[in-house]
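Student: Quick one, what's the 3D model for this:
(one chain, ligands or ions: 1)
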Amino acid sequence: MWVTEAPPPSDDAPPGAPDGPRLVVRTTAVDDLPADASALIDRLPDSAALAWVRHGDGLVGWGEALRFETFGPGRFADADDKWRQVLALAEVQDEVGLPGSGLVAFGSFAFDDVSPGDEEEDPARASGVLVVPRVVLGRRGDRAWLTTVALVGDRSAPVGDELLSAYPVQPVTGPGRVALTDGAVGADDWPAVVAEGIARIQAGELEKVVLARDVVATTEHPVDTRHLLGRLASAYEACWTFSVDGMVGATPELLVRSEKGLVASRVLAGTIRRDHGGTTPDTQGDDADLLRAAQLARSSKDLEEHEFAVRSVAAALEPYCSSMNVPEVPFVLHLPNVMHLATDVTGVLAGQDAGAAARPSSLSLAAALHPSAAVCGTPTTAARDLIREIEGLDRARYAGPVGWVGADGDGEWGIALRSAEISPKNRRTIRLFAGCGIVSASDPAAELAESEAKLEPMRYALRTR
Ligand SMILES: C=C(O[C@H]1C=CC=C(C(=O)O)[C@@H]1O)C(=O)O
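Tutor: Next up, the predicted model:
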């Protein structure tokens, strides 16, 4: 469903031209973007921020040229179709020619095909959204660019320089006091949910299930997304810091990156907490950390959990690839709050000779990979059914794909973890999410502690200092 009303066909549209929104897109190089890692986020004018940033590189966007909302099981395919329609009608001048320059859309999609309770609470809440910003600022290494997007026929919309001055940068505001309360299932009750998951696994119904919980934060002032993004991007540098349509976080897990025929996925599953409990890491490589890393790398429970996740990603990518590299042994990813077992799966897309148009888009690859066993379980259907039956939580867009797609279909999609959903109604109610992979040898109390550690990034982001 188009939410942005397409203006009537313009006078210059050729007779018989297909209907639909026509975009005029210009990308020019930017020479004066400050070198610091926060430069992209610092340029966001207000709280309606779109972002996908890591190590100071990435994309931020603001304003809305087009918005497309999708619902239910067809949400990815519908979004992919609409994206192709937009591309077919767009006129793009891109003098930079890097991934993320030219026409891009940011997107965020629900974890599940159905969201329990949606009908009563908010029948209009979409389970997928693609947003084409009016302005995108991007950086990759030492190159930076600015993209502006205009909708043909929208004569009231500012263009060119006018467009930038239409979005003056407002001061960033803090959330003030923050109260945290139990979400759908309280912390005291959640171990029983995990115990039920373990019992079902031990009964042979399935091998792994990922169970999640939420915590509700109520803030004194409406949340300014830029406050969260700035804190997440500087404290969780190794993660992809994102904001799309009220879903904000810093995810360490990349569902898929597709770039010029090469695909990559960073698969995470298997976790150990770092004991200091803070957000800023202790000196990397101190003795306690090395010990914990070694303990994680040898933990048969975590290795099993990880293996399920890697296998699910490899199996989903395989039909699209002419060759793949799936490392046999995971590495340990150090984050400020936790360490994870991690595997970088890479592949070459089949049919390279046929060109970009014949390649599956990054969005359709994300659809094929979702939900991986890092966020759902094994076998997928049994795990998803069990999640629906016992989790008691509407995951909404938590654990769903979030990221961006470009004009050639390439793009990057993370899994929306270490994330929160800001209520559009008042921007003062924020749902924080965390989930844990459960296998036969899991311990409910340890999983609760792990979920607390996974909530830390968003709790930290909400603090004023
Ligand atoms: C489901 C989450 O984490 C996944 C990713 C990394 C490690 C995980 C684990 O060890 O359980 C989870 O599979 C979450 O952070 O909410």
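
Student: Please count neighbours and contacts with C-alpha atoms only from this point.
Tutor: OK.

Student: Give the helix, strand or coil label for the residue most central in space within the chain.
Tutor: Against the mean C-alpha coordinate of the chain, by C-alpha atoms, centre = their mean, the closest residue is Val402 at 2.9 Å. Following DSSP: H, G, I helix; E, B strand; the rest coil, Val402 is assigned to strand.

Student: Show me what stretch 454-465 is in contact with.
Tutor: Stretch 454-465 is contacted by residues 174-176, 178, 227-229, 231-232, 236, 249-250, 279, 337-338, 418-420, 432-435 when judged by C-alpha atoms under 8 Å, 6 or more residues apart in numbering.

Student: what helices or strands is the one helix or strand Gly197 maps to leaning on?
Tutor: Assigned by DSSP states H and E, Gly197 falls within helix 190-202. Under the contact criterion of 3 or more C-alpha pairs under 8 Å, 6 or more residues apart in numbering; DSSP states H and E, helix 190-202 touches strand 208-219, helix 380-390, strand 429-438, helix 444-462.

Student: Minimum distance to Ile272: which of the ones you listed has it?
Tutor: Nearest of these to Ile272, taken as C-alpha to C-alpha: helix 444-462 at 7.4 Å.

Student: now that closest one and helix 190-202, what's the angle there?
Tutor: Helix 444-462 and helix 190-202 are oriented at 130 degrees to each other (axes from the mean of the first three to the mean of the last three C-alpha atoms, to 10 degrees).

Student: hmm, helix 444-462 touching the ligand?
Tutor: Yes: using C-alpha under 6 Å from any ligand atom, a contact is recorded between helix 444-462 and the ligand, made by Lys454.

Student: From the chain's centroid, how far away is that helix?
Tutor: 18 Å (C-alpha atoms, centre = their mean, to the nearest Å).

Student: so how far is the helix or strand containing Ala233 from its chain's centroid?
Tutor: Per DSSP H and E, Ala233 falls inside helix 225-235. Chain-centre distance of helix 225-235: 15 Å, with C-alpha atoms, centre = their mean.

Student: Does anything pack onto it? Which helices or strands?
Tutor: Short answer (3+ C-alpha pairs under 8 Å, 6+ apart): helix 225-235 packs on helix 39-42, strand 240-244, strand 247-251, helix 444-462.

Student: Which positions in the stretch 301-450 of the chain make contact with the ligand?
Tutor: Going by C-alpha under 6 Å from any ligand atom, the residues of the stretch 301-450 of the chain near the ligand are 374-375, 417-418, 434-437.

Student: Got the confidence number for the residue nearest to Glu196 when sequence neighbours are not counted?
Tutor: The spatially closest residue to Glu196, leaving aside those adjacent along the chain, is Ile390, at 7.9 Å (C-alpha to C-alpha, 6 or more residues apart in numbering). For Ile390, the pLDDT comes out at 98.

Student: ditto for the one 4 residues further on
Tutor: In the predicted model, Asp394 carries a pLDDT score of 95.

Student: Is it in a helix, a strand, or coil?
Tutor: Strictly by three-state DSSP, Asp394 counts as coil.

Student: Backbone dihedrals for it, please?
Tutor: phi -90, psi 100 (degrees, to the nearest 10).

Student: before we move on, the earlier item: now the helices and strands packed on helix 225-235 in JSON lines, with distance to Arg257?
Tutor: JSON lines is the format used below for the helices and strands packed on helix 225-235 (distance: least, C-alpha to C-alpha, whole Å):
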{"stretch": "helix 39-42", "distance to Arg257": "21"}
{"stretch": "strand 240-244", "distance to Arg257": "12"}
{"stretch": "strand 247-251", "distance to Arg257": "14"}
{"stretch": "helix 444-462", "distance to Arg257": "23"}
